[in-house]
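Undergrad: Mind looking at a prediction? Sequence and model below.
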Amino acid sequence: MKNKIKLFLGLIIIIILICTIKKIRLKKYILEYKINNYKIKEEYTLSNKNHYYDITISNKKNNYIFTVNKNLHKSKKIIKEIKTYKNNNLVCVLPIFNKKIDNYLYCNSNNNQISIDYLLNSNNNDFNMIQEKTKKYHINYPTSSDLFKNKNKIKVYNKNIQPNEKYIIWDYKGIYIFTNNDTKYKRIVKKDIYDNVMSCIVDNYYVLFDNTSHEGIKTAYYYNLNSNRLKTLKIKKYISKDSYINGVIGSNIYITDNSNKKQFIINIKNKKVQTLNTGTTSYIFYNNGRKQELPKSDFFQTNQLFKNNKIRNLIFEKDNNKIIKKYNKNTELLFELDSIKEWSIENNNIYILTNDTIYSYNEENGLNKIIEYNELNYNYKNIYKVWSN
């Protein structure tokens, strides 16, 4: 009888192990195959209910990288044919898929991949010729609207705002909230706050720390971007004026007090303020979501702003006024703008501030102008935020 029980338990353990391994495999795989003279590397990842196929197409001369974000029911070898088009030094490939997927072109010039959005905006003659050759395939190209509305000297290109996005602009006393079909304004403070370095987005809240008092930060205002309600949080622990926000991780706001050499975590939902250290332990820094601990001597050499230049396994870098995408050893020039002052990555989008204009970029929609505001020429630090649900 005991032997039967042991055998039964052993079988259950084996079944659980098989199911676990199968589940892991279903969430990720890497596959390599060939079509004509091209090698294809297909890397599938299931993350937060999103299905990502990171594709690399290569031959002896060129590499092409792109991502398909679509539920193909875990199909493998999703490309069945590759068509090639060349005009002078510009070489483009058109992958034909086994499933119903929109057609896109991917292009190289002098062995460097360049985004379609960049080629369209630069009015590249070679690309114009390739467009003529591929008309019958109804290629999907990024589009952008030039229509805008004026709101108190702020130009808003509402049609370029995605349905799940809200853009927040600080005007020294309150915030403008712009969506693709609406504009709201919420007054937050009575006196102007010009040096708005203490604001952030966390969960559904726009959070502003009032650092106007010489005694330091005593109040945080938080505005619910869903319910449109404004509330306040009284901060009992002393945080000096000489403080800044490191960044946001989950529901926690990390703040560093330079004067007192302290680091705090503030959770708006729980209304809790936690002191991480008093200068005797390591300080917290996050690099692309990875927690690091830095000694006091290193931490206070400069402002430690949490770094995020990654979307899954894709790395994005600024090279002068160009934004480059990197995947493994391959690179792609996405776009180029005059005088990029700030840029950030949130929810698979890149947001860029240049001169007086805010742009957004993603692979599907390309580069889109969102807001023009002359004040950004003079005061731009932390003036705008983007929230998406």
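TA: Done, it's in.
Undergrad: So in terms of bridging, what pairs with the spatially closest residue to E332 that is not a sequence neighbour?
TA: Sequence neighbours aside, Q113 is the residue nearest to E332 in space, at 4.1 Å (criterion: C-beta to C-beta, 6 or more residues apart in numbering). Quick note: C-beta positions are derived from backbone N, CA and C, even for glycine. For Q113, the beta-bridge partners are N108, E332 (DSSP bridges).
Undergrad: quick one: contacts for Q113?
TA: Contacts for Q113 (C-beta atoms under 8 Å, 6 or more residues apart in numbering) come out as 62-65, 106-107, 330-333.
Undergrad: same question for the strand or helix carrying K166, mean pLDDT?
TA: Assessed by DSSP states H and E, K166 sits inside strand 165-170. Averaging pLDDT along strand 165-170 yields 95.
Undergrad: In CSV, could you pull the C-alpha coordinates for that strand?
TA: Only the C-alpha atoms of strand 165-170 are listed here, as CSV (Å, rounded to 0.1, in the frame of the first residue of the first chain):
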residue,chain,number,x,y,z
GLU,A,165,-3.1,59.0,-22.8
LYS,A,166,-3.4,62.2,-20.8
TYR,A,167,-0.8,65.0,-21.1
ILE,A,168,-0.4,67.2,-18.1
ILE,A,169,1.1,70.7,-18.4
TRP,A,170,2.0,72.7,-15.2
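Undergrad: Hmm, N211 is touching Y194, no?
TA: No: counting by C-beta atoms under 8 Å, N211 stays clear of Y194, with 11.1 Å between them.
Undergrad: Could you check which of those two has the larger neighbour count?
TA: Comparing N211 with Y194 by other C-beta atoms under 10 Å, the one with more neighbours is N211, at 21 against 9.
Undergrad: residues contacting that one?
TA: Neighbouring residues of N211 by C-beta under 8 Å, 6+ apart: 193, 195, 197-198, 217, 241, 243.
Undergrad: What subset of those residues is buried?
TA: By neighbour count, with 16 or more other C-beta atoms under 10 Å, the contacts of N211 hold 193, 198, 217, 241, 243 as buried.
Undergrad: ranges for the strands of the stretch 251-389 of the chain?
TA: Remark: strands assigned in the stretch 251-389 of the chain by DSSP state E, counting those that start in this stretch are 252-257, 262-267, 272-277, 283-287, 290-294, 310-311, 314-319, 322-327, 330-336, 340-346, 349-354, 357-362, 366-373, 384-388.
Undergrad: Show me the shaky parts of this structure.
TA: 1-26, 196, 278-280 (pLDDT under 70).
Undergrad: mind giving me the domain split of it?
TA: Here the domain parsing of the chain from automatic domain parsing is 27-137, 188-308.
Undergrad: Distance to T179 for those domains - can I get that in a markdown table?
TA: Conversion of those to a markdown table gives the following (distance: least, C-beta to C-beta, whole Å):
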| stretch | distance to T179 |
| --- | --- |
| domain 27-137 | 23 |
| domain 188-308 | 10 |
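Undergrad: For Y167, the count of nearby residues, please.
TA: 24.
Undergrad: isn't it right next to Y351, touching?
TA: No: using C-beta under 8 Å, Y167 is not in contact with Y351, being 9.0 Å away.
Undergrad: Mind listing the shared neighbours of these two?
TA: Taking C-beta under 8 Å, 6+ apart as the contact rule, the neighbours common to Y167 and Y351 are 358, 386.
Undergrad: I345: which of the contacts of N211 is nearest?
TA: Closest approach between the contacts of N211 and I345, by C-beta to C-beta: V197, at 20.2 Å.
Undergrad: Okay, and that closest one sits in which element?
TA: Using DSSP H and E, V197 maps to neither a helix nor a strand.
Undergrad: Surely K159 forms part of a strand?
TA: No: counting by DSSP: H, G, I helix; E, B strand; the rest coil, K159 is located in no strand; its state is helix.
Undergrad: How about the secondary structure of the closest residue to it other than its chain neighbours?
TA: Spatial nearest neighbour of K159, chain neighbours left out: S145 (3.8 Å); criterion: C-beta to C-beta, 6+ apart. Per three-state DSSP, the local secondary structure of S145 is coil.
Undergrad: Make sure S145 is actually in contact with N180.
TA: No: counting by C-beta under 8 Å, N180 is not a contact partner of S145; they are 10.2 Å apart.
Undergrad: joint contacts of these two?
TA: Shared contacts of S145 and N180, defined by C-beta under 8 Å, 6+ apart, are found at K159.
Undergrad: what sits against I340?
TA: I340 makes contact with 318, 321, 323, 352-354, according to C-beta under 8 Å, 6+ apart.
Undergrad: ditto for N164
TA: Neighbours of N164 in contact, by C-beta under 8 Å, 6+ apart: 388-389.
Undergrad: hang on, the earlier thing: what is the nearest of the contacts of N211 to L233?
TA: Nearest to L233 among the contacts of N211: I217, at 10.6 Å, using C-beta to C-beta.
Undergrad: For the closest one, give me the backbone phi and psi.
TA: Dihedral pair for I217: phi -90, psi 120, per degrees, to the nearest 10.
Undergrad: who touches it in this structure?
TA: 198, 209-211, 235, 239-241, 243.
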